[in-house]
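A.B. asks: here are the coordinates; sequence isn't available:
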């Protein structure tokens, strides 16, 4: 994964991941989609050189001189690769080759002092700064918006790559620019793990995890990233901020919890100290099937409230279970999942659960036995480790599959929320219904899938996937209509506008619903002090 | 525990707790203290009526009219009882009958609207507002400081007493004015518990727990109060702030974590939603003895990092072990502790540990068996449940015992800090040495005791107790010299200035060391927005 500092981010410029890796859909999967959703028109793709970007504005020497030679990138590809995140609309715009905005340059500072100098120059010259880590935002979090400023740069902290392990305290201080696999590899070499595996793991960075309150697939066990952070350092236009290194403090409001989730609007995160663990000696991933979503949710709730939630715990609703199996096709890993499920044929429908335990072998077996008791008493039936292993092998495949579906002409996007257990069923119903109404209103009936991705004692997250025929040339209004309907339903039902995708540009209009008018004003006051000129990531979070 | 709204807070006006309850020291305990610390002069106590308070300033009708009749208290005792917290210096001043400041009145609003009206009147008239719950602060958190304002009131939220349980989500929304036992009794009636038992439990309130990031004796198991809070409501001079009810959200910096720990400087907390649990079916508390403090700390670290820390886990250093046993005297409960210890006589010295497990019977036994393995492998020896039960029975006795020691003429005070495990030994040594140097410099050699009160995977808290002969008439400079030496040593060693006593007035000078100059400025900006006139709890937190 090592990459030179002047290299563009890896992966397809127009989609997700390794261009040589495809997750092909079987012909039966394609047929199923066509049966359910009607015909679609395969979508094209322009060449990299053909993508139209706005002309770059020249940057003043006070800015370019703040970093070393070779640390200001301005080629077409370098700018293009920091011009978007990885939402459905981002991919649509990339494939069509038309981007309304792009950073005027990409700056790669090598030290906190250089970041301070860059921010000072930008403040003086009126240039907006977008911190850009892995660029995996699906909420417009890295959109190069100049706002009222005369230019915009992307600031890529990829040179912040330090790894410093405190074994006694089981913490590590990690450079913000490290990608997920780089951090895991460095820790793994010492028999350690961070245990943070979001679907964006292959590309997202430590700084991005912190800035967006990332949650990983194993966060029910290892903790969300905001739980893992014990302290961090940030460079703001107004100066440097370092939170205290302590397991806990009662010294006032938590500045750590202000910097975590700040999405680049307060400053640039440079280093993050996180709790780490010994690499697991044992792993056990299993499939289970619940009779229906309500019963399965009940079991997940019981597990979480008993302190026995597996480290990975997911349950798909009936629709997601059905469609996942239909799309699984003939690939070895996913086939195993299918077969494990088919052994249970006597049960005609149901909801697939994935339960994963990691840690010491004895602990895995003990916790698994205790959890299995609860699952069985809730009526769930075990499918064995085949589906678990299959899920684990394919855990990062979602975005690859999305590229295939986009090729075929489908719209595919996800969104997530969370609520207390007592309100979760209503939220699930309201959001699903709102999305379906919006799909029908657009004349594109589609499929709405949902799973619980994270379970807590007091509630859980709901992760929705929407698949429908794309509307060629009208993708933006198509998706925006659906997203608005879903977001309004979430706010009306009292759910949070985001459980782990963060706010970015797309959720900013809902922040008043989320934290109230005074809450937004409080955040603005904070930003006003740390970023008085408003150069940091304009248009995001509290736009 | 029910108390009428116009009653003064319960307990001794000049000390801690029920005036009819004394924790008498045995003659051998008194002799031990005299041997170690030299003779002292027993201290006197004035009558309640003799305490000199500043004359109350008359309050404008716009303020008194904002609440119901009978909700503005102005008697000598009502003002006196909200004039201090419960630090050593507070008790010294009360006993001597001289208070430089007292609230001009105590206001008891009955609704969020009344609080808003009171704050609006105070803002208009230039009157400072000190939120006053249980009044158990030991850091000057409720000192009635008018600052630049013309008067000061205490705002007591005791009428906020609602209890609303959400069983499915295992949360409860509790009125800020409920005292610890009232909240536990309401939950206990439904077979539930909050599990929050700080030493101040008998008097402290739900609002106070949230405002100060309280940690309880069982917080290693149940979580600190800031971990238990899922959402809260606060009335600020600038308006109402309600954080989202959700198990987790990625929507930006955490406003919840801004209100938690805000110590009344941003507004008045009115309701707090907290995670609750089923009342424990079983409890097992045990004594263990470690060979020395370093070995015992190692075992505690291993337990915490294995995820096997008991729900209560404490280890006293050699000095605290020795002095606790000497002071235990002939009382039944504490005697049991002593006897359990004596059975181990073959070990001439050592460090007493208390381990407590609560929950389902099976879970208690399982976790206890796993933890016992780690304790034994670290060389600790079990003392059985006698010392555990004795500790549990006497868990709230510390402040009662302090009153006895003050009667005898001793200075007694505590302070706490925390750090990562890799730095904890150095912090322990540095703080202990600094306190001893200061005691010697004052000509009052004393005893410095320490225990680990809370253990985390990445570090732990250190809780120091200082006992020395008091300096009659010079108590303030005496203690302040010691406290300053300890605080400076904490800051120099990189520890947090407070693990759970909060900042208040006493730690405010160290906030720059804690969060940096820019961190303090960020908090000031926040306060500036929520409390533009600066009426809320002047002189505290970010004075």
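C.D. replies: Perfect, I can see it now. A quick note: this is a predicted structure, and the numbers were derived from the prediction, not measured.
A.B. asks: please count neighbours and contacts with C-alpha atoms only from this point.
C.D. replies: Noted.
A.B. asks: ok, now how distant is residue A:251 from residue B:89?
C.D. replies: Separation of residue A:251 from residue B:89 (CA to CA, to the nearest Å): 21 Å.
A.B. asks: who has more neighbours out of those two?
C.D. replies: Between residue A:251 and residue B:89, counting by other CA atoms under 10 Å in any protein chain shown, residue A:251 is the more crowded of the two (29 against 23).
A.B. asks: where's that one, which helix or strand?
C.D. replies: For residue A:251, there is no enclosing helix or strand under DSSP states H and E.
A.B. asks: swap in residue A:524?
C.D. replies: Counting by DSSP H and E, residue A:524 is part of helix A:511-530.
A.B. asks: buried sites along that helix?
C.D. replies: By neighbour count on 16 or more other CA atoms under 10 Å in any protein chain shown, the buried set for helix A:511-530 is A:511, A:513-516, A:518-530.
A.B. asks: what angle do it and helix B:511-530 make?
C.D. replies: Following axes from the mean of the first three to the mean of the last three CA atoms, to 10 degrees, one obtains 130 degrees for the angle between helix A:511-530 and helix B:511-530.
A.B. asks: please name every helix or strand in contact with helix A:511-530.
C.D. replies: strand B:239-242, helix B:511-530 (3 or more CA pairs under 8 Å, 6 or more residues apart in numbering or on different chains; DSSP states H and E).
A.B. asks: how about these in a markdown table, adding mean pLDDT?
C.D. replies: Below are the helices and strands packed on helix A:511-530 laid out as a markdown table (pLDDT from 0 to 100):
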| stretch | mean pLDDT |
| --- | --- |
| strand B:239-242 | 96 |
| helix B:511-530 | 97 |
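A.B. asks: among these, which is nearest residue B:175?
C.D. replies: Distance to residue B:175, taken as CA to CA, is lowest for strand B:239-242 among the helices and strands packed on helix A:511-530, at 13.9 Å.
A.B. asks: give me the distance from the closest one to the chain's centre.
C.D. replies: Distance of strand B:239-242 from its chain centroid, counting by CA atoms, centre = their mean, to the nearest Å, is 26 Å.
A.B. asks: surely residue A:106 is in a helix?
C.D. replies: No. The assignment for residue A:106 (DSSP: H, G, I helix; E, B strand; the rest coil) gives strand, which keeps it out of a helix.
A.B. asks: which ones are touching it?
C.D. replies: Contacts here follow CA atoms under 8 Å, 6 or more residues apart in numbering or on different chains; on that basis residue A:106 touches A:71, A:72, A:73, A:74, A:78, A:79, A:82, A:153, A:154, A:155, A:156.
A.B. asks: what about 6 Å?
C.D. replies: Taking CA atoms under 6 Å, 6 or more residues apart in numbering or on different chains as the criterion, residue A:106 is in contact with A:72, A:73, A:153, A:154, A:155.
A.B. asks: with distance to residue B:358 as extra columns, can I get the helices and strands packed on helix A:511-530 in CSV?
C.D. replies: Shown next, in CSV, are the helices and strands packed on helix A:511-530 (distance: least, CA to CA, whole Å):
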stretch, distance to residue B:358
strand B:239-242, 33
helix B:511-530, 34
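A.B. asks: what are the buried residues along the helix or strand hosting residue A:438?
C.D. replies: According to DSSP H and E, residue A:438 maps onto helix A:421-441. Within helix A:421-441, the residues that qualify as buried are A:421-424, A:427-428, A:430-439, counting by 16+ other CA under 10 Å.
A.B. asks: skipping adjacent residues, who's closest to the residue in the stretch 51-200 of chain A positioned nearest to chain B in space?
C.D. replies: As assessed by CA to the nearest CA, chain B sits closest to residue A:169 within the stretch 51-200 of chain A, at 4.4 Å. Nearest non-adjacent residue to residue A:169, counting by CA to CA, 6 or more residues apart in numbering or on different chains: residue B:458, 4.4 Å away.
A.B. asks: mind listing what that neighbour touches?
C.D. replies: Residue B:458 touches A:169, A:170, A:247, B:420, counting by CA under 6 Å, 6+ apart.
A.B. asks: who in the stretch 51-200 of chain A is up against chain B?
C.D. replies: The stretch 51-200 of chain A comes close to chain B at residues A:168, A:169, A:170, as judged by CA under 6 Å from any CA of the partner chain.
A.B. asks: could I get the pLDDT score of the second one?
C.D. replies: Read it as residue A:169. On the pLDDT scale, residue A:169 is placed at 98.
A.B. asks: run a quick neighbour tally on it.
C.D. replies: So residue A:169, with other CA under 10 Å, has 23 neighbours.
A.B. asks: quick one: contacts for the residue of the stretch 51-200 of chain A closest to chain B?
C.D. replies: B:420, B:421, B:422, B:458.
A.B. asks: measure the third one to chain A for me?
C.D. replies: Translated: residue B:422. Between residue B:422 and chain A the computed distance is 5 Å (CA to the nearest CA, to the nearest Å).
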